[in-house]
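Asker: Here is a sequence with its predicted model. Questions after.
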Amino acid sequence: MPKVAIIGDRDSIMGFAALGVQTLETRSPEETRRLLRAASTDDLAVVFITEQAAEAVPDTLAALRLQRLPAILPIPSIAGRTGLGMTDVRETVRKAVGVDLFALDEPSGRDKE
C-alpha cells in the first residue's frame, strides 16, 4: 500500500503522526535534501513538506518533480503561509489546462456597472 510522509519542523509535523502519516523532522536544508532523496526511493506516494522547508531546497524539489512518484506537496507550517503551496498548485493547473484558472476569480480592477 502506498504511504504518505510529511517533512518539516517538529512542531508542524507531529500532529500528522496520529493520522498514520510518516513524520520526518528536518532542521537544515541538507537534512531536507537527504530526506527528500530517501523519500523518492521509498514506496511513498505523497510527501507533504512545509513551505519553509521546501523554500530552502528549490533545486532538489525541481529535480524530484520530474519523477512520477512521490507527489511532493508544500503545505503551510505552524509559522504560517508563505504562498509557495498555492503558487505550485496554480502553476500545475496552468500547465495542465493552459489557462490560469485561479486568475478568473481575481478582481479585474474595473468598477462594476
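Answerer: That came through, no problem. Residues are numbered from 1 along each chain as shown.
Asker: Could you use CA atoms for every contact and neighbour count after this?
Answerer: Will do.
Asker: which non-adjacent residue is nearest K3?
Answerer: Leaving aside its sequence neighbours, K3 sits nearest to L44 (C-alpha to C-alpha, 6 or more residues apart in numbering; 4.6 Å).
Asker: Could you double-check that the one you found lies in contact with L69?
Answerer: Yes - look at L44 against L69 with C-alpha atoms under 8 Å: they come within range, at 7.4 Å.
Asker: Now do the shared contacts for the two.
Answerer: Shared contacts of L44 and L69, defined by C-alpha atoms under 8 Å, 6 or more residues apart in numbering, are not found at any residue.
Asker: quick one: S77 from V46, how far?
Answerer: Per C-alpha to C-alpha, to the nearest Å, S77 is found 17 Å from V46.
Asker: List the contacts of P29.
Answerer: 53, 56-57.
Asker: switch to 10 Å and redo it
Answerer: P29 sits next to 35, 52-58, 60 when contact means C-alpha atoms under 10 Å, 6 or more residues apart in numbering.
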